[in-house]
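>>> Next comes the sequence, and after it the predicted model I'd like to discuss.
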Amino acid sequence: MCRWLAYFLLSSVWMTDNCVVSFTPSSVSVKSKFSTSELYTETVSSSIKSEDDTSSSLKRDRYVATNRFAVRSGKECKFEQRWAKRKSRLATLDGFKYFHLMRRVDSNDGSYVHGDDDVSILGNYVSFTVWEKKSHFSAWRKGDAFKEAHGGTSIGAFVSTLVNSAIVLKGAPRPAFYDGLMVQSTEPESIPQLVDGWRNLEYPEDSILPEECFVACNQFFVPFENSNAFEQRWANRESALKECSGFVGFSMLRRDIRSNKGHGTVPVDTDIEPTYVSTAIWKDRASFQSWKDGKAFSKSHGAAKQGTSPPSNKPLWSKPPTPVFYEGTLVITTKDGI
């Protein structure tokens, strides 16, 4: 315990939600053990940046802030309880669109991935917040709402947070920020009950929170020089996601490397960290599986839209994509969705 407390104090770091109080940069080298499989992703169309941008990269539709937590085995309930009990006025803030807390699951049997191994060091839990604009996120990060959600500014609260974090987490959380591209969304069937901008729910004392959505991601390791071609290949393919039962929302997440400055993120090692992550949110696992087994999946992974040139067969990534799956809980959404 003393060793962990000393580590956190020397690093001057506490990162909850999607940001940090302060940070001393360091790099982590983790050998990937992910297996590859077919791409469980969907493609959508999007517009191109305006004439003031000479590049051909896609414009940002949303700004997505995440934080990845390596939660120790047996500490999942404690970690989730802390999130359920926290005070936050997130949903009342300008530009807020969507939030959920994700716990990583095995793609086959639904078992939980713990944070005690190298596979999970980059996050077996992820907080996921969608903002309309990056400026909305920055305003929250610098405002009183951020301080309130993180226990205030007193030394006692800060030290207490560090101690509790060392017990539950393996290492410091790792924030990552993204441009949300090619966003698609449906209007939610219902809006969860909130009190002052945060969930008001009955939560179990000795078990994890109930699953409220299922999230299918695919991690792409795309070199910078291939980024425009990668985005165009996705933009030129068709999508029928909104026609699928149980579909909630989709975005291709492009890593915002520039956000390192001022927000406490660590240097990005593209051999470990994906530069793009396709993220599809479904009502439940059954809805995702129904889409994957249906015609919409086959169509979206076939030819490009009519009138476009067929894409090159040459891979645009440095290593095969990695599918990752999560259960989402503590969902907070606006009436128009993501």
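Perfect, I can see it now.
>>> Surely residue 181 touches residue 250?
No: under the criterion of Cβ atoms under 8 Å, residue 181 makes no contact with residue 250, lying 10.0 Å away. Using the backbone N, CA and C atoms, a C-beta is placed for each residue, glycine as well.
>>> Report pLDDT for residue 271.
Model confidence at residue 271, given as pLDDT, is 79.
>>> Tell me the spacing between it and residue 221.
7 Å (Cβ to Cβ, to the nearest Å).
>>> Now do the shared contacts for those two.
Between them, residue 271 and residue 221 share these contacting residues under Cβ atoms under 8 Å, 6 or more residues apart in numbering: 318, 319.
>>> more crowded one of those two?
The residue with more neighbours, out of residue 271 and residue 221, is residue 221; 19 against 12, by other Cβ atoms under 10 Å.
>>> tell me the phi and psi of the more buried one?
phi -110, psi 80 (degrees, to the nearest 10).
>>> Also residue 81?
Backbone geometry at residue 81, expressed as degrees, to the nearest 10, gives phi -60, psi -40.
>>> For it, the count of nearby residues, please.
Residue 81 has 17 nearby residues by other Cβ under 10 Å.
>>> Residue ranges in the protein under the pLDDT threshold?
The model of the chain has pLDDT under 70 over residues 1-56, 109-110, 114-122, 150-163, 258-267, 296-313.
>>> What segments of it are strands?
For the chain, the strands defined by DSSP state E occupy 62-69, 96-105, 125-131, 174-185, 194-195, 198-199, 213-220, 247-255, 276-282, 322-333.
>>> Next, format these as JSON lines and append distance to residue 206 and mean neighbour count.
What follows is the strands of the chain, written out as JSON lines (distance: least, Cβ to Cβ, whole Å; neighbours: other Cβ atoms under 10 Å):
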{"stretch": "strand 62-69", "distance to residue 206": "20", "mean neighbour count": "24"}
{"stretch": "strand 96-105", "distance to residue 206": "16", "mean neighbour count": "23"}
{"stretch": "strand 125-131", "distance to residue 206": "18", "mean neighbour count": "24"}
{"stretch": "strand 174-185", "distance to residue 206": "28", "mean neighbour count": "22"}
{"stretch": "strand 194-195", "distance to residue 206": "23", "mean neighbour count": "14"}
{"stretch": "strand 198-199", "distance to residue 206": "19", "mean neighbour count": "22"}
{"stretch": "strand 213-220", "distance to residue 206": "23", "mean neighbour count": "23"}
{"stretch": "strand 247-255", "distance to residue 206": "29", "mean neighbour count": "25"}
{"stretch": "strand 276-282", "distance to residue 206": "28", "mean neighbour count": "25"}
{"stretch": "strand 322-333", "distance to residue 206": "16", "mean neighbour count": "21"}
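>>> What residues are bridge-paired with residue 98?
Beta-bridge pairing of residue 98 under DSSP bridges involves residue 130, residue 333.
>>> these two touch, right, it and residue 335?
No: counting by Cβ under 8 Å, residue 335 is not a contact partner of residue 98; they are 11.3 Å apart.
>>> can I get the strands of the chain in CSV with distance to residue 90?
Converted to CSV, the strands of the chain look like this (distance: least, Cβ to Cβ, whole Å):
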stretch, distance to residue 90
strand 62-69, 11
strand 96-105, 6
strand 125-131, 7
strand 174-185, 16
strand 194-195, 9
strand 198-199, 6
strand 213-220, 17
strand 247-255, 17
strand 276-282, 18
strand 322-333, 7
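>>> Of all these, which one is nearest residue 77?
Closest to residue 77 of those, according to Cβ to Cβ: strand 96-105, at 11.0 Å.
>>> who does that closest one touch, helix- and strand-wise?
When contacts are defined as 3 or more Cβ pairs under 8 Å, 6 or more residues apart in numbering; DSSP states H and E, strand 96-105 packs onto helix 76-85, strand 125-131, strand 213-220, strand 322-333.
>>> mind listing the helices for the chain?
Assigned by DSSP state H, the helices in the chain fall at 2-11, 76-85, 134-142, 144-149, 155-168, 227-235, 260-263, 285-293, 295-300.
>>> which other helices and strands contact the second one?
Looking back up the chat, that one is helix 76-85. Helices and strands touching helix 76-85, by 3+ Cβ pairs under 8 Å, 6+ apart, are strand 96-105, strand 125-131, helix 155-168, strand 322-333.
>>> how about those in JSON lines, adding distance to residue 282?
Formatted as JSON lines, the helices and strands packed on helix 76-85 follow (distance: least, Cβ to Cβ, whole Å):
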{"stretch": "strand 96-105", "distance to residue 282": "12"}
{"stretch": "strand 125-131", "distance to residue 282": "14"}
{"stretch": "helix 155-168", "distance to residue 282": "28"}
{"stretch": "strand 322-333", "distance to residue 282": "9"}
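>>> Nothing else from me, thank you.
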